[in-house]
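*Asks:* build me a structure from this.
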Amino acid sequence: MSTWLETSRKAAAEADEALALPSLSDEHWRFTSLRGIDFDRYAVSTTPAAGETTGAILAEGDHAGRIAMRDGGVVLDELAPEVAAQGVVFGSLARLADEHASLLEPILGRIVGYDEKFAAENGALWTDGLLLHVPAGVKVELPFHAAYEIATPEAAQQWRVVVSLGEGAEATLVEEHLTGVPGYANGVAELVLEPASHLTYVVVQDRHDEALHFAAHRAEVAKDATLEWSACSTGAKTGKTRMETRLTGEGATGRLSAVYVVDGKRHLDLDTTQEHDAPNAVSDLAFKGVLLDASRSVWRGVIRVAEGAQGTDAYQENRNLLLSSTARADSIPGLEIDTNDVRCTHGATAGPVDPMLRFYLMSRGIARAEAERMIVEGFLEEALERIPDLRIREALTTAVMRRVPV
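*Replies:* From the prediction side, this is the model:
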């Protein structure tokens with residue numbers, strides 16, 4: 001292990017030891033309680049579970065590269081020869097860490113720091129994950145695919161992702177967190193986009209309904225670069241995901257979309273930031289959710305505009321459809337603006353199915369359940385259509401709608 005990586009792990013371990021579990025008194029955790037969760041029951045897995053991952057919805061077809069992690073290690077690690085010939089680096093983070101230290105050292109632990117409990121724990125304990133580097137000017141047509149699965153009951157999976165796109169590079173990364181068995185998943189993704197690069201990043205979280213899923217994703221987007229980030233969440237008993245985008249260069253664009261379905265007594269917490277540190281940058285966030293039974297969702301979104309970031313154009317919205325009187329959605333949008341000449345807007349709604357719309361469909365001979373299903377699909381369509389790849393969009397639509405009662 002490289003000296004810099006040992007130092008990074010040691011710093012993370014010290015921070016993890018010093019930090020307490022978040023409580024309801026912490027601003028980012030006001031609506032998500034960890035009371036009653038015994039994290040000590042989950043054993044950190046350091047080796048891969050035998051067998052192949054199952055249940056991926058986006059693994060079919062051709063890929064530039066594929067990686068699969070079961071419990072603590074990678075069981076599939078492939079990169080197409082023609083893509084490797086372009087100078088692309090892709091594969092197991094543990095395998096590549098020493099060989100590509102010059103790529104990793106400026107990123108790992110620096111984009112997502114160790115000032116938060118779960119990120120610090122991951123920095124100290126991660127066992128594997130992936131590294132993707134696309135050199136300047138290289139455009140990879142086929143997507144890269146990563147799958148993560150807990151295969152041993154009560155295993156703790158500590159995964160980590162590092163993505164680096166050189167100037168003018170283009171790539172698509174699809175990340176799937178599979179159903180597997182009950183356990184505890186904790187991960188970090190650090191993304192760096194150099195000027196004029198373009199990354200399409202799709203994250204699907206479909207963990208077991210009794211699993212725990214915590215993740216911190218953070219991207220830094222340079223001048224004229226574009227991040228198209230789409231998320232879909234349909235799993236986990238308790239889940240909290242941070243999605244943070246920092247626009248560091250003039251003309252940078254961050255476009256974030258998410259759809260989620262929460263049912264039973266499951267709890268989903270989405271925490272987003274859109275940080276504008278340069279002028280004339282654009283961020284656009286659209287999250288839509290459907291809640292059933294006694295489930296609960298929380299979205300906390302902040303747009304931050306730094307001094308000197310004139311010409312900022314930022315928008316965020318969170319819309320929730322409640323299919324049960326006992327379901328609850330909390331939306332907390334916020335603006336922190338330290339400059340003038342900006343356009344920043346936000347919106348949030350939560351409510352039941354429009355009875356007039358349901359009546360209209362039922363008056364045409366459509367059964368009540370099917371009418372509600374059609375309304376739900378139409379409600380989510382706007383967010384799903386922001387995904388540029390048709391195959392991915394159709395697969396996610398099917399995955400989301402299977403959670404909605406017929």
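*Asks:* ok, the most centrally placed residue in the chain - contacts?
*Replies:* The residue lying closest to the centre of the chain (C-alpha atoms, centre = their mean) is V203, at 5.0 Å. Taking C-beta atoms under 8 Å, 6 or more residues apart in numbering, we find V203 in contact with E175, H177, H217, W229, S230, A231, C232. Where you see a C-beta, it was placed from the backbone N, CA and C, and this is true even at glycine.
*Asks:* how about these, which pair is most distant?
*Replies:* H177 and W229 (15.4 Å; C-beta to C-beta).
*Asks:* and the helices in the chain?
*Replies:* Secondary structure of the chain by DSSP state H: the helices cover 3-18, 81-84, 93-96, 101-104, 117-125, 355-363, 368-384, 390-401.
*Asks:* who are the contact partners of D330?
*Replies:* So D330 contacts F31, R296, S297, V298, W299 (C-beta under 8 Å, 6+ apart).
*Asks:* got the contact list for the second one?
*Replies:* Just to be clear, that refers to R296. Counting by C-beta under 8 Å, 6+ apart, the residues that R296 touches are F31, V262, R266, H267, L268, A327, R328, A329, D330.
*Asks:* any weak-confidence spans in the chain?
*Replies:* Scanning the chain for pLDDT under 70 picks out the ranges 406.
*Asks:* any idea how far the closest residue to L291 other than its chain neighbours is from L292?
*Replies:* Residue nearest to L291 in three dimensions, not counting chain neighbours: A327, with 3.7 Å by C-beta to C-beta, 6 or more residues apart in numbering. A327 sits at a distance of 6 Å from L292 (criterion: C-beta to C-beta, to the nearest Å).
*Asks:* same question for L108.
*Replies:* Counting by C-beta to C-beta, the gap from L108 to L292 is 39 Å.
*Asks:* quick revisit: quick one: closest of the helices of the chain to A49.
*Replies:* So among these, helix 93-96 is nearest, using C-beta to C-beta, at 15.5 Å.
*Asks:* I'd like to know which elements that closest one is packed against.
*Replies:* Here helix 93-96 touches strand 73-79, strand 128-134, strand 155-165, going by 3 or more C-beta pairs under 8 Å, 6 or more residues apart in numbering; DSSP states H and E.
*Asks:* direction included, what does the first one pair against?
*Replies:* In other words, strand 73-79. strand 65-70 (antiparallel) (DSSP bridges).
*Asks:* next, the angle from the strand it pairs with to strand 128-134.
*Replies:* 170 degrees (axes from the mean of the first three to the mean of the last three C-alpha atoms, to 10 degrees).
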